[in-house]
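# Test case, fold it:
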Amino acid sequence: MVVIMKPGFSEEQMASAIHTMEEGGVKVMVSKGSETTILGAEGDPSRIDQEKLSLLPGVERVMRVTEPYKKANRKYHPEDTGIDLGGGTLLGGEKLAVIAGPCSVESEEQIVGVAQAVKRSGASALRGGAFKPRTSPYSFQGMGNDGIRLLQEARAATGLPIVTEIMSTDNIEMFEMCVDVIQVGARNMQNFDLLKQLGRTTKPILLKRGLSSTIEEWLMSAEYIMAGGNDKVILCERGIRTFETFTRNTLDLSAVLAVKKLSHLPVVVDPSHACGQAWMVERMSMAAVAAGADGLIIEVHNDPPHAKCDGAQSITPGQFDDLMGKLRSLAPCVGRTV
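You can find the predicted model right below:
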């Protein structure tokens, strides 16, 4: 249930509406926009007297919300949410945020070199995997704690906020201290114990859509984090598993439009993991921006043929620079800047 207050309502009128809702046994979330103030009921609203509530002075209308997610719901929070990635770098505003870097941190020379290159091209943040969830136990699993240290060195050299994936609740304290944005990978999208604990952190969470997850399931995972107290959730569409095998996954750009309609949270697209082929990354990045994505997360490697992980889907720093130039031309067509 949401209560929309009339323009010019008084604080006393809002307090009365909140009291009536709380009498019904719910917790009330207050969302104040530039033009509209909304009171959202968190919990079971069945005991609230909707008719009494709708007749209170200052109340414009009362709406039932059928979706199971509340904090992530645009009905509770009609204005778009912008999230600071670190150092004042905003994701979710007019400026398109581009997160770039290698799939895996491999060495100091590699990660610092790539970070400097993508920074020159206009990247907003640096991505790099230190802990890698791999399908095979024999594949490269990442550098672990050493990888986090090297990411910190790359941040010191460039000023770019760092984005990296967490796999275990055991590492939450270290991630809170050392990284700027904590990524939850597709395989952990419904690791509810991890999501609950991330809800108690203060860092932005980049939540990738699960391999076969519906949009509602994706938003419910965001709800887990937000219910714990962390509202800084970024949604990432990275392709879903379908019957098609030509691409690594199937990039669902319709999900960008759907989520922007259903939720106020910012959305980024990962064309690298979606397609699995470097030659597709440029066009699918541009398509994502045209569809309304707030940002991109792109794999960039200095030597893709010899990458320890996902070289086939990684573009070179030179190719990334070309892509950024094309995005600068495209962005104004959809009301964005780069």
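
# Hmm, residue 163 is touching residue 123, no?
No: contact criterion Cβ atoms under 8 Å: residue 163 and residue 123 do not qualify, at 10.8 Å. Quick note: C-beta positions are derived from backbone N, CA and C, even for glycine.

# Between these two, which contacts overlap?
By the contact definition Cβ atoms under 8 Å, 6 or more residues apart in numbering, residue 163 and residue 123 are jointly contacted by 99, 101.

# Report the central residue of this protein.
In the chain, the centroid-proximal residue (Cα atoms, centre = their mean) is residue 234; its distance is 1.6 Å.

# chain center to stretch 165-180: distance?
Centre-to-centre, stretch 165-180 and its host chain are 17 Å apart (Cα atoms, centre = their mean, to the nearest Å).

# Over to stretch 111-118?
23 Å.

# Now that stretch: buried residues?
Of all the residues in stretch 111-118, those buried under the rule 16 or more other Cβ atoms under 10 Å are 111-118.

# Stretch 156-176 too?
For stretch 156-176, a neighbour-count test (16+ other Cβ under 10 Å) marks 157-158, 160-167, 171-172, 175 as buried.

# quick revisit: in a helix, the residue nearest to the centre of the chain, correct?
No: counting by DSSP: H, G, I helix; E, B strand; the rest coil, residue 234 is not part of a helix but strand.

# What are the phi and psi values at residue 102?
The phi/psi pair for residue 102 (degrees, to the nearest 10) reads phi -70, psi 160.

# Counting neighbours, what do you get for it?
Counted with other Cβ atoms under 10 Å, the neighbours of residue 102 add up to 28.

# What of residue 88?
Neighbours of residue 88 (other Cβ under 10 Å): 7.

# likewise residue 335?
Count around residue 335 with other Cβ under 10 Å applied: 8.

# Number the chain from 687, please
Sounds good: first residue 687 from here, last item residue 1021.

# Identify all contacting residues around the helix or strand residue 976 falls within.
Assigned by DSSP states H and E, residue 976 falls within helix 964-977. Outside helix 964-977, the residues within contact range by Cβ under 8 Å, 6+ apart are 782, 923, 933, 937, 939-940, 942-943, 955, 957-958, 960-961, 982, 984-985, 990, 998-1001, 1005, 1008-1009, 1012-1013, 1016-1017, 1019-1020, 1022.

# In strands only, show me those residues.
Of the contacts of helix 964-977, the ones assigned to strands by DSSP state E are 923, 955, 982, 984-985.

# sorry, back to before: which members of the contacts of helix 964-977 occur in helices, if any?
Judged by DSSP state H, the contacts of helix 964-977 include 940, 942-943, 957-958, 960-961, 1005, 1008-1009, 1012-1013, 1016 as members of helices.

# which residues of the protein fall in strands?
Along the chain, the segments classed as strands by DSSP E run 688-691, 713-718, 723-728, 745-749, 769-770, 776-777, 783-787, 811-813, 848-852, 867-870, 891-894, 919-923, 953-955, 981-985.

# TSV please, covering the ones you listed and showing distance to residue 763 and mean pLDDT.
Formatted as TSV, the strands of the chain follow (distance: least, Cβ to Cβ, whole Å; pLDDT from 0 to 100):
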stretch	distance to residue 763	mean pLDDT
strand 688-691	10	92
strand 713-718	5	89
strand 723-728	7	90
strand 745-749	14	92
strand 769-770	13	96
strand 776-777	16	95
strand 783-787	20	98
strand 811-813	24	97
strand 848-852	24	97
strand 867-870	21	98
strand 891-894	17	98
strand 919-923	12	98
strand 953-955	15	98
strand 981-985	19	98
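
# any idea which of those is most buried?
Most buried of the strands of the chain, by mean neighbour count (mean count of other Cβ atoms under 10 Å): strand 811-813, with a mean of 29.

# From the structure, what's the count of residues near residue 821?
Counted by other Cβ under 10 Å, the residues lying close to residue 821 total 7.

# swap in the one 10 residues further on?
By other Cβ under 10 Å, the residues close to residue 831 number 13.

# contacting residues for the residue nearest to residue 710 when sequence neighbours are not counted?
Leaving aside its chain neighbours, residue 710 sits nearest to residue 734 (3.3 Å; criterion: Cβ to Cβ, 6 or more residues apart in numbering). Residues counted as contacts of residue 734 (Cβ under 8 Å, 6+ apart) are 687, 706-707, 709-712, 727.

# what's the nearest residue to residue 878 if we skip its chain neighbours?
Nearest non-adjacent residue to residue 878 (Cβ to Cβ, 6+ apart): residue 910, at 5.9 Å.

# So that neighbour sits against residue 885, correct?
Yes: shown here, residue 910 and residue 885 form a contact pair, counting by Cβ under 8 Å, at 6.5 Å.

# neighbour count winner among the two?
Using other Cβ under 10 Å, the more surrounded residue of residue 910 and residue 885 is residue 910, with 24 against 18.

# separation between that one and residue 762?
16 Å (Cβ to Cβ, to the nearest Å).

# same deal with residue 930?
Separation of residue 930 from residue 762 (Cβ to Cβ): 36 Å.
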